[in-house]
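A.B. asks: below are the sequence and a predicted model for it; my questions follow.
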Amino acid sequence: MSENYESTSMRDLLCGSVDASLIGRRLSVCGWVSKRREHGEHLAFLDLRDRSGVVQAVVEGSVDVRSEYVLRVTGTVSRRPEGTVNDRLATGEVELTDCEVEVLSAAEPPPFQIDERSDVDEQVRLKYRYIDVRREKMQRNLRLRAVVNATMRSAMMRQGFCEVETPLLWAPTPEGAREFVVPSRLHTGEFYVLPQSPQIAKQLLMVGGFDRYFQIARCLRDEDLRADRQFEFTQLDVEASFVGQEDVFAFVSEAVLDAAEAATGHRPEPIATMTWALALDLYGTDKPDLRFAMVMQDLSEAFARTEVKAFAAPTVKALRVPAGAEYTRSRLDALTEHAKSLGAKGLAWFRVTSEGLDSPLARFLNAAESAAIASVDGAQVGDLVLVVADEYEPACKVLGALRLVIGAPPVSQGPHRYIWITEFPLFEGVDDDGNLVSAHHPFTMPHLDDLDLIDTDPLKVRSQSYDLVLNGWELGSGSVRIHRADIQSRIFAALGITEEEAQNRFGFLLGAFRYGAPPHAGFAVGIDRLVAIFAGEDNIREVIAFPKTQSGTDLMTGAPKNITERQVRDLRLRFAPKG
């Protein structure tokens with residue numbers, strides 16, 4: 001029996017596997033009725049569909065079946081009559097004849113057509129998701145996801161990693177996002193949380209001697225949803241001992257590039273690296289989309305002594321828009337308003353013409369300033385130059401956001417451009433109490449060259465953390481962890497975390513570290529985002545079997561729902577009045 005044959009009693013093989021090599025053979029297939037066509041009074045054509053494709057069955061006599069009935073059809077594989085071959089089907093050269101039909105399950109008319117030609121509202125699709133996943137695209141996406149998972153798991157096993165499952169009922173973690181809380185019935189007034197990631201658990205595994213851990217882990221964060229974010233998400237979670245940053249890049253890249261090859265049929269080039277500072281300077285973001293050029297240029301030196309008030313700022317950044325001179329005034333006004341909504345004081349624009357710069361501000365510039373703008377990123381006649389003047393980081397981020405608005409294709413469109421972003425700041429700012437705030441988490445190792453800056457200029461301290469970015473989406477992040485007690489104490493002090501608070505929040509981890517903690521580092525790859533890009537989707541809901549809507553509801557089950565009064569009593573809960 002070939003690999004296409006099912007080892008079950010109800011069917012001999014899949015619908016999409018019926019081909020000319022089987023002509024003359026009598027066999028059984030099972031599936032859903034995709035179409036039913038009558039030919040005269042005593043002949044019907046049924047298109048039977050399963051996960052592999054569609055096969056046509058010719059039924060003589062009366063057969064009372066309709067769309068989405070589940071059937072078992074037994075027939076003889078025959079060549080289709082001349083002129084009836086369907087080149088659009090893999091099985092289009094053959095059909096089943098002399099058929100016996102067994103109705104396994106009747107079906108009501110579905111709420112929408114299953115074929116890909118119908119445009120169905122997403123709310124309806126999500127309400128009837130069990131029908132939606134019958135569609136070819138959803139079958140393809142979810143099976144692609146399974147291939148990616150299997151490939152990444154194989155890559156990690158091949159590199160000596162051990163798969164270990166970690167708890168879903170856990171203690172609060174040091175990460176910044178809001179957690180889902182689960183009340184304990186046995187311990188009144190106490191709660192578990194659902195893990196945002198297995199961060200602490202995998203560090204404990206390093207202490208426990210599992211020097212190479214991985215897990216395809218379910219994680220949960222109570223955050224506002226968007227195209228690339230769900231409450232529940234899945235990541236390839238990785239941690240290793242006695243390694244550094246470059247080692248992490250090597251074994252994570254191996255898994256990601258293997259998955260890319262399995263999903264797309266070709267293997268991408270090795271993944272390059274770029275520092276956070278360079279990404280911000282050139283692209284205005286720590287998630288640079290490298291599929292299109294349009295890099296920013298710093299004109300601060302040219303405008304250092306400017307007499308134009310609009311450019312009197314510490315930083316002047318410019319962006320060339322190829323062929324942007326054709327933009328209408330209304331579009332330029334819209335870009336200006338968008339820049340202001342992002343925090344910019346304004347946006348200056350200049351059309352590059354054969355006679356010089358065309359702009360309301362052009363006549364106020366001196367010759368050197370005009371020349372600087374006219375030469376941004378090799379500007380040519382017909383281009384547009386956008387300029388933002390502000391403090392350094394706001395200027396970069398505003399212009400970087402405009403770059404994406406103007407030039408970025410949908411994230412799912414090729415080519416696939418990966419980049420490792422390195423040397424993020426260790427601290428992202430200062431809170432209302434004057435304490436530093438971790439950019440990653442408090443166990444991230446500082447760059448060893450910057451240790452002296454922790455006390456003198458902490459916002460300039462680089463971390464040994466890193467992100468993997470694909471087409472402008474952050475696929476994941478990780479870091480080298482702190483394993484030295486002296487460095488950990490300095491970081492806690494800088495963050496305003498007292499010894500008592502540290503013991504209360506992370507005591508079991510700190511306690512474990514006293515018993516011999518190896519140097520270790522890790523990473524987590526967002527599988528939902530990776531598969532979405534491979535599948536050509538711009539929303540991760542299209543690669544998740546049962547996702548939530550953007551408002552966080554499950555239209556199929558009605559969740560979230562009220563629980564019963566008995567459950568409320570058992571958990572000893574009280575609810576505050578709404579409002």
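C.D. replies: Cool, got the structure.
A.B. asks: give me the buried positions along the lowest-mean-pLDDT helix or strand in the chain.
C.D. replies: Lowest mean confidence among the helices and strands of the chain (mean pLDDT, DSSP states H and E): helix 499-513, at a mean of 87. Buried positions in helix 499-513, judged by neighbour count with 16 or more other C-beta atoms under 10 Å: 502, 505-506, 509-510, 512-513. Quick note: C-beta positions are derived from backbone N, CA and C, even for glycine.
A.B. asks: with just CA atoms, put that helix into PDB.
C.D. replies: The C-alpha atoms that make up helix 499-513 are tabulated as PDB, following Å, rounded to 0.1, in the frame of the first residue of the first chain:
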ATOM      1  CA  GLU A 499      16.600  43.300  48.700                       C
ATOM      2  CA  GLU A 500      13.300  42.500  50.400                       C
ATOM      3  CA  GLU A 501      11.300  43.200  47.200                       C
ATOM      4  CA  ALA A 502      13.700  41.200  45.200                       C
ATOM      5  CA  GLN A 503      13.300  38.200  47.500                       C
ATOM      6  CA  ASN A 504       9.500  38.600  47.400                       C
ATOM      7  CA  ARG A 505       9.300  38.800  43.600                       C
ATOM      8  CA  PHE A 506      12.100  36.600  42.500                       C
ATOM      9  CA  GLY A 507      13.300  34.800  45.600                       C
ATOM     10  CA  PHE A 508      13.100  31.300  44.300                       C
ATOM     11  CA  LEU A 509      15.300  32.300  41.300                       C
ATOM     12  CA  LEU A 510      17.800  34.200  43.300                       C
ATOM     13  CA  GLY A 511      17.900  31.300  45.800                       C
ATOM     14  CA  ALA A 512      18.600  28.900  42.900                       C
ATOM     15  CA  PHE A 513      21.500  31.100  41.700                       C
END
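A.B. asks: helices or strands up against it?
C.D. replies: helix 199-207, helix 485-494 (3 or more C-beta pairs under 8 Å, 6 or more residues apart in numbering; DSSP states H and E).
A.B. asks: now what about that helix, what contacts it?
C.D. replies: Contact partners of helix 499-513, identified using C-beta atoms under 8 Å, 6 or more residues apart in numbering, comprise 171-172, 174, 200, 203-204, 207, 442-443, 483, 485, 488, 492, 497.
A.B. asks: need these in TSV (columns: distance to D298 and neighbour count).
C.D. replies: Below are the contacts of helix 499-513 laid out as TSV (distance: C-beta to C-beta, whole Å; neighbours: other C-beta atoms under 10 Å):
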residue	distance to D298	neighbour count
A171	46	16
P172	42	15
P174	36	18
I200	41	22
Q203	40	24
L204	45	19
V207	46	19
P442	33	20
F443	35	22
H483	38	20
A485	42	12
Q488	37	21
F492	37	18
I497	37	20
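A.B. asks: for the residues you listed, which one is nearest V525?
C.D. replies: Each of the contacts of helix 499-513 was scored against V525 by C-beta to C-beta, and Q203 proved nearest at 17.9 Å.
A.B. asks: ok, that closest one - contacts?
C.D. replies: With contact taken as C-beta under 8 Å, 6+ apart, Q203 is in contact with 239, 443, 481, 509, 512, 520, 522.
A.B. asks: quick one: low-confidence parts of the stretch 101-250 of the chain?
C.D. replies: Counting by pLDDT under 70, the stretch 101-250 of the chain contains low-confidence residues at 173-176.
A.B. asks: quick one, helices of it?
C.D. replies: Using DSSP state H, counting those that start in this stretch, the helices assigned to the stretch 101-250 of the chain run over residues 122-127, 129-132, 136-158, 199-207, 245-264.
A.B. asks: same thing with the stretch 301-450 of the chain?
C.D. replies: Using DSSP H, counting those that start in this stretch, helices in the stretch 301-450 of the chain cover 329-341, 367-374, 392-407.
A.B. asks: looking at these, which is buried most?
C.D. replies: helix 392-407 (a mean of 20; mean count of other C-beta atoms under 10 Å).
A.B. asks: now that one: how far from the chain's centre is it?
C.D. replies: Its chain's C-alpha centre lies 22 Å from the corresponding centre of helix 392-407 when counted by C-alpha atoms, centre = their mean, to the nearest Å.
A.B. asks: D286 in helix, strand or coil?
C.D. replies: The three-state assignment at D286 reads coil, by DSSP: H, G, I helix; E, B strand; the rest coil.
A.B. asks: tell me the domain ranges of the protein?
C.D. replies: Domain assignment for the chain by automatic domain parsing gives 15-105, 138-274+417-544, 293-407.
A.B. asks: now do the last one: distance from first to last residue.
C.D. replies: Across its full length, domain 293-407 reaches 9 Å end to end, with C-alpha to C-alpha, to the nearest Å as the criterion.
A.B. asks: A strand includes L468, no?
C.D. replies: Yes: remark: L468 belongs to a strand, assigned using three-state DSSP.
A.B. asks: ignoring the adjacent residues along the chain, who's closest to E179?
C.D. replies: Closest residue in space to E179, ignoring its immediate chain neighbours: V193 at 4.2 Å, by C-beta to C-beta, 6 or more residues apart in numbering.
A.B. asks: hmm, the one you found is touching L168, no?
C.D. replies: No: between V193 and L168 there is no contact under C-beta atoms under 8 Å: 9.7 Å.
A.B. asks: ok, these two, which is more surrounded?
C.D. replies: Comparing V193 with L168 by neighbour count (other C-beta atoms under 10 Å), the higher total belongs to V193, at 18 against 15.
A.B. asks: what about the helices in the stretch 451-579 of the chain?
C.D. replies: Secondary structure of the stretch 451-579 of the chain by DSSP H, counting those that start in this stretch: the helices cover 453-456, 485-494, 499-513, 527-535, 565-571.
A.B. asks: now do the SS call for L48.
C.D. replies: Secondary structure of L48, reduced to three states by three-state DSSP: strand.
A.B. asks: coming back round to it: present the domains of the chain as a markdown table; the columns should include distance to D570.
C.D. replies: Conversion of those to a markdown table gives the following (distance: least, C-beta to C-beta, whole Å):
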| stretch | distance to D570 |
| --- | --- |
| domain 15-105 | 39 |
| domain 138-274+417-544 | 5 |
| domain 293-407 | 48 |
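A.B. asks: nearest to S551, out of those?
C.D. replies: Between S551 and those, the tightest spacing by C-beta to C-beta is seen for domain 138-274+417-544, at 7.5 Å.
A.B. asks: how near is the nearest residue to F492 once chain neighbours are set aside to A493?
C.D. replies: If you skip the residues right next to it in sequence, F492 has A502 as its closest partner in space, 5.3 Å away by C-beta to C-beta, 6+ apart. Applying C-beta to C-beta, to the nearest Å, the value for A502 to A493 is 10 Å.
A.B. asks: over to T422?
C.D. replies: T422 sits 26 Å away from A493, taking C-beta to C-beta as the criterion.
A.B. asks: between the two, tell me which one has more neighbours.
C.D. replies: Using other C-beta under 10 Å as the criterion, T422 and A493 rank with T422 on top: 21 against 16.
A.B. asks: so in terms of bridging, what pairs with the more buried one?
C.D. replies: T275, Y466 (DSSP bridges).
A.B. asks: in contact with it, which residues?
C.D. replies: T422 makes contacts with 245, 273-276, 465-466, as judged by C-beta under 8 Å, 6+ apart.
A.B. asks: one more time with 10 Å
C.D. replies: The neighbourhood of T422, defined by C-beta atoms under 10 Å, 6 or more residues apart in numbering, consists of 245, 249, 273-279, 447, 462-467.
A.B. asks: contacts only, for D211.
C.D. replies: With contact set as C-beta under 10 Å, 6+ apart, D211 has these partners: 160-162, 205, 239-243, 518, 520.
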